[in-house]
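Undergrad: Here is the input, now give the coordinates:
(one chain, ligands or ions: 1)
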Amino acid sequence: MRRKLVVGNWKMHGSRVSNAELLSGLLAARPYVADVAVCAPFPYLSDCAVTLAGSDVRWGAQDVSAHAQGAYTGEVSSEMLAELGCRYAIVGHSERRAYHAEDDALVAAKAQAALARGVTPIVCVGETLEQRDAGQTEEVVKRQLSVVIHRLAHCAGEIVVAYEPVWAIGTGRTATPEQAQVVHAVLRAQLHAATGHADRMRLLYGGSVKADNARALFSQPDIDGGLIGGASLKAADFIAICRAAE
Ligand code: PEP
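TA: Numbers count the residues shown, from 1 in each chain. Reported below is the predicted structural model:
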């Protein structure tokens, strides 16, 4: 039985004051049956480390460098994240693929760099609306994931995968539970062929998850929780989604 995981992706939102309010709301609503984590902007990670210390609410980054160290201005290494106690790093989010030209090879290198320091990468894959309409969804997500699987080799079973259809992110348009399940089943089969134990891996759905659609999504057999953007910014909304994963 896989334990559900719900991860908030704050994107470039928040302030020290609003984050403190959000985190204290999340802490006050414990216990959760699901695993719960928040991925905050880099400047706020040490606040998360302090505020969430000793609790079972985890925290993560929204990106990580593919490099271990060196002259890479503006980048943050997995070693730096690990030093703070960081549990997760999102890699390959569609916003980074679109606005920062991150390709599958770079995403795979980032996933490897994260794992090398014990930070679990949450590897995002997903098709655009054009690709879905052209019937290419399966081909696109399998290609994105295969580059990561190939690079990680025997460590591929240690990642979390987030299926995030690009057309559903921040649009209010959610994949139906059935649409999402079809893709999750494809991804799990691909992971199983590579690792032999994908039945133990967690596959999250992301894309306009809200309190009122979360339960139906999370009750699909291959959906093990969610990566939540907009609805993770208000404690009450995010807590309701975490409860829907129980
Ligand atoms: C995301 O940023 O990963 C995401 C899924 O955003 P939203 O929930 O706002 O669609």
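
Undergrad: Please tell me how far the closest residue to Lys110 other than its chain neighbours sits from the ligand.
TA: Leaving aside its sequence neighbours, Lys110 sits nearest to Val91 (Cβ to Cβ, 6 or more residues apart in numbering; 4.3 Å). C-beta: built from backbone N, CA, C; applies to glycine. Distance of Val91 to the ligand, given as Cβ to the nearest ligand atom, to the nearest Å: 12 Å.

Undergrad: and what of Ala101?
TA: 18 Å.

Undergrad: before we move on, back to that, give the contact list for the residue nearest to Lys110.
TA: By Cβ atoms under 8 Å, 6 or more residues apart in numbering, the residues touching Val91 are Asp63, Val64, Val107, Lys110, Ala111, Ala114, Pro121, Ile122, Val123, Cys124.

Undergrad: Which one of these is nearest to the ligand?
TA: Cys124 (7.0 Å; Cβ to the nearest ligand atom).

Undergrad: How about the residues of the chain by the ligand?
TA: With the criterion set to Cβ under 6 Å from any ligand atom, the chain comes near the ligand through 9, 11, 164, 169-170, 206-209, 227-231.

Undergrad: By pLDDT, rank these and give me the bottom one.
TA: Checking pLDDT across these, the minimum falls on Gly170 at 88.

Undergrad: wouldn't that residue be in contact with Ser232 here?
TA: No: in this structure, Gly170 is not within contact of Ser232 by Cβ atoms under 8 Å, at 12.0 Å.

Undergrad: ok, these two, which is more surrounded?
TA: Ser232 (27 against 13; other Cβ atoms under 10 Å).

Undergrad: List just the nearest of the residues of the chain next to the ligand to the ligand.
TA: Gly229 (2.1 Å).

Undergrad: Wait, the closest one touches Ile169, no?
TA: Yes: judged on Cβ under 8 Å, Gly229 makes contact with Ile169 at a distance of 6.6 Å.

Undergrad: Quick check, pLDDT for the residue nearest to the spatial centre of the chain.
TA: For the chain, the residue nearest the mean C-alpha position is Ile122 (4.2 Å; Cα atoms, centre = their mean). Reading off the confidence values, Ile122 has pLDDT 98.

Undergrad: Adjacent strands (with direction) for the helix or strand containing it?
TA: Assessed by DSSP states H and E, Ile122 sits inside strand 120-125. Pairing partners of strand 120-125, with direction, according to DSSP bridges: strand 88-91 (parallel), strand 160-163 (parallel).

Undergrad: any chance of the ones you listed in TSV, plus mean pLDDT?
TA: Below are the strands paired with strand 120-125 laid out as TSV (pLDDT from 0 to 100):
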stretch	mean pLDDT
strand 88-91	98
strand 160-163	98
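
Undergrad: Provide the contact partners of stretch 166-186 at residue level.
TA: Contacts for stretch 166-186 (Cβ under 8 Å, 6+ apart): 94-95, 98, 126-129, 132, 137-138, 141-142, 163, 165, 203, 205-210, 213, 216-217, 219-223, 229-230.
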